[in-house]
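Enquirer: here's my sequence, what's the structure:
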Amino acid sequence: MKVKPGDKVTFLNEEGGGVITEVLNERYAIVENEDGFDEKYLISELVLAGNAKSYKLDGIEHVLSVQEKIQSEGKMKIHEDFDRKSRSLVSYVQDEVEIDLHIEELIDSHRGMSNGEILSVQMANFKRELNVAIQRKAKKMIVIHGVGEGTLKSEIHRELYEHYPNMEYHDANYRKYGYGATEIILH
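Expert: Sure, this is the predicted structure:
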């Protein structure tokens, strides 16, 4: 078998392979193995590895096909995330604004976040959406906060009491939201 430096080879009598770095003579070659070490091997114990084109795995058609699929999946995910979040976060219907402050609706993952950090994200979204609703002159706002331990609901009520003392607020329609939402009248 004729070998030359740069040829990829596998070993006949052991696992692994490498690249020929030097041909010493007709019988021996130096192979840089997968661990980066140069070793002397009998050429008769080496097997030329098929080049990538023979498998059509690294061919340009395959690479472009894989890249195109990855890009289209990424774009589709971005559009789906945007649609989901824009539908669930805020819906403006005839002077009424509805926001959902469940953390799953606000961010992709809250793994590793403390309860305080989660509450901070929820309150920041509440304040932002309240200001947007006021600017758009909406008449009322429904804030879906869930039941839970009531911490988010209490924080929302405290924010309204301290910073918007003239706004009326009460539990939203029980049939539609249970105890998990507050309705704010935005004069």
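
Enquirer: for the strand or helix carrying Phe126, packing partners?
Expert: Element membership of Phe126, judged by DSSP states H and E, is helix 115-135. Applying 3 or more C-beta pairs under 8 Å, 6 or more residues apart in numbering; DSSP states H and E, we find helix 115-135 packed against strand 96-100, helix 103-106, strand 140-144, helix 151-163. Yep, even glycine has a C-beta here, placed from its N, CA and C like the rest.

Enquirer: apply 10 Å and report the result again.
Expert: strand 90-93, strand 96-100, helix 103-106, strand 140-144, helix 151-163, strand 181-185 (3 or more C-beta pairs under 10 Å, 6 or more residues apart in numbering; DSSP states H and E).

Enquirer: turn the ones you listed into a markdown table, columns for distance to Asn115, mean pLDDT and mean neighbour count.
Expert: Listed next are these as a markdown table, based on distance: least, C-beta to C-beta, whole Å; pLDDT from 0 to 100; neighbours: other C-beta atoms under 10 Å:
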| stretch | distance to Asn115 | mean pLDDT | mean neighbour count |
| --- | --- | --- | --- |
| strand 90-93 | 24 | 49 | 13 |
| strand 96-100 | 19 | 90 | 20 |
| helix 103-106 | 10 | 88 | 15 |
| strand 140-144 | 19 | 93 | 21 |
| helix 151-163 | 8 | 93 | 15 |
| strand 181-185 | 20 | 94 | 19 |
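
Enquirer: of all those, which lies closest to Gly6?
Expert: Gly6 lies closest to helix 103-106 among the helices and strands packed on helix 115-135, at 53.2 Å (C-beta to C-beta).

Enquirer: which strands and helices sit next to the closest one?
Expert: Looks like helix 103-106 contacts helix 60-89, strand 96-100, helix 115-135 (3+ C-beta pairs under 10 Å, 6+ apart).

Enquirer: helix/strand/coil for the residue nearest in space to the middle of the chain?
Expert: In the chain, the residue lying closest to the centroid (C-alpha atoms, centre = their mean) is Asp108, at 6.7 Å. Assigned by DSSP: H, G, I helix; E, B strand; the rest coil, the conformation of Asp108 is coil.

Enquirer: still on that earlier bit, ok, and what's touching the helix holding Phe126?
Expert: Residues outside helix 115-135 that contact it (C-beta atoms under 10 Å, 6 or more residues apart in numbering) are 89-90, 92, 95-103, 105-107, 110, 113-114, 138-141, 143, 145-146, 149, 151-152, 155-156, 158-160, 163-164, 167, 182, 184, 186-187.
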